[in-house]
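Colleague: Fold the following for me, if possible:
(one chain, ligands or ions: 2)
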Amino acid sequence: MAPPDDDSGSKPLLPKLSRRAFFTGAGASALTATLTQSVAEAATAATGPSVVGPEPIGFSLSINGRNVSVQVDPATTLAEVLRNHLGMTGTKIGCDRGACSACTVWLDGEVAASCMTLAFDARGRKITTIEGLARGDELHPVQRAFVENDAMQCGFCTPGMVMSCAALVERNPKCTLDDVKQAVSGHLCRCGTYPNVFKATLAAAKGGGKPKGQS
Ligand code: FES
Ligand code: FES
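Modeller: Ligands and ions are numbered 1, 2, ... in the order given. Now for the predicted structure:
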């Protein structure tokens, strides 16, 4: 049975449309959308995506508060740029594949594996390395605590450990033993210095955790 006519007197919200008109209109809209997309794709194909490398390219990085210009193949990692191009060998490369954390630096204050970061992608970020942690002759509290608590043996993992522990105490001066364990959970120390690393980090946190003059 046909539905009764609407006798409420109100106007329909949409004009009456036959099935044929509806599908014809929808087809036209779809065609328009497809054409618009094709034109956009053709424009992209004409200009091409921006490609850099493999030749060395020049760009600048902000490292420890200084702008530094480098000229490297864009596939070069930040760890390689620091060590091989800028002579900043405090950052170590252990595994070179994101498994040991020896290469830890800060990017905008957050810890990052520099062997897994392209230097090109670090443009515009604030890079802090172990060389930038001390204030002149004054060690960062975590560096000092590592020395006072004998938290190193061969020292190969130490710069990375210090960067992670310093990031933790700056972020959370009330950190607990569990927090410290979590912060260094990705760091491999073949000399087994973990207990003293925990002690040192908690001692630094107890002393405020931040370099003097920094609130
Ligand atoms: S050297 Fe980067 S994680 Fe091992
Ligand atoms: S102190 Fe030797 S690897 Fe950690």
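Colleague: Name the next helix or strand following the worst-scoring helix or strand of the chain on mean pLDDT along the chain.
Modeller: Ranked by mean pLDDT, DSSP states H and E, the helix or strand of the chain with the weakest confidence is helix 19-47, at a mean of 53. Counting by DSSP states H and E, the next helix or strand C-terminal to helix 19-47 is strand 57-63.
Colleague: Now name the helix or strand holding the closest residue to Ala205 other than its chain neighbours.
Modeller: The spatial neighbour of Ala205 that comes closest, neighbours along the chain excluded (CB to CB, 6 or more residues apart in numbering), is Val169 at 4.4 Å. All C-beta atoms are positioned from the backbone trio N, CA, C, and that covers glycine. Using DSSP H and E, Val169 falls within helix 158-171.
Colleague: which helices and strands does that helix pack with?
Modeller: On a contact count with 3 or more CB pairs under 8 Å, 6 or more residues apart in numbering; DSSP states H and E, helix 158-171 meets strand 104-107, strand 110-113, helix 141-148, helix 177-183, helix 194-206.
Colleague: and it, does that touch ligand 1?
Modeller: No - judged by CB under 6 Å from any ligand atom, helix 158-171 and ligand 1 are separated, with a smallest distance of 7.8 Å.
Colleague: Show me how far that helix is from its chain's centre.
Modeller: Taking CA atoms, centre = their mean, to the nearest Å, one finds the center of helix 158-171 at 16 Å from the center of the full chain.
Colleague: Now it: buried residues?
Modeller: Using 16 or more other CB atoms under 10 Å as the test for burial, helix 158-171 gives 158-170.
Colleague: ditto for stretch 176-193
Modeller: Buried residues in stretch 176-193, counting neighbours by 16+ other CB under 10 Å, are found at 179-180, 183-184, 187, 189, 193.
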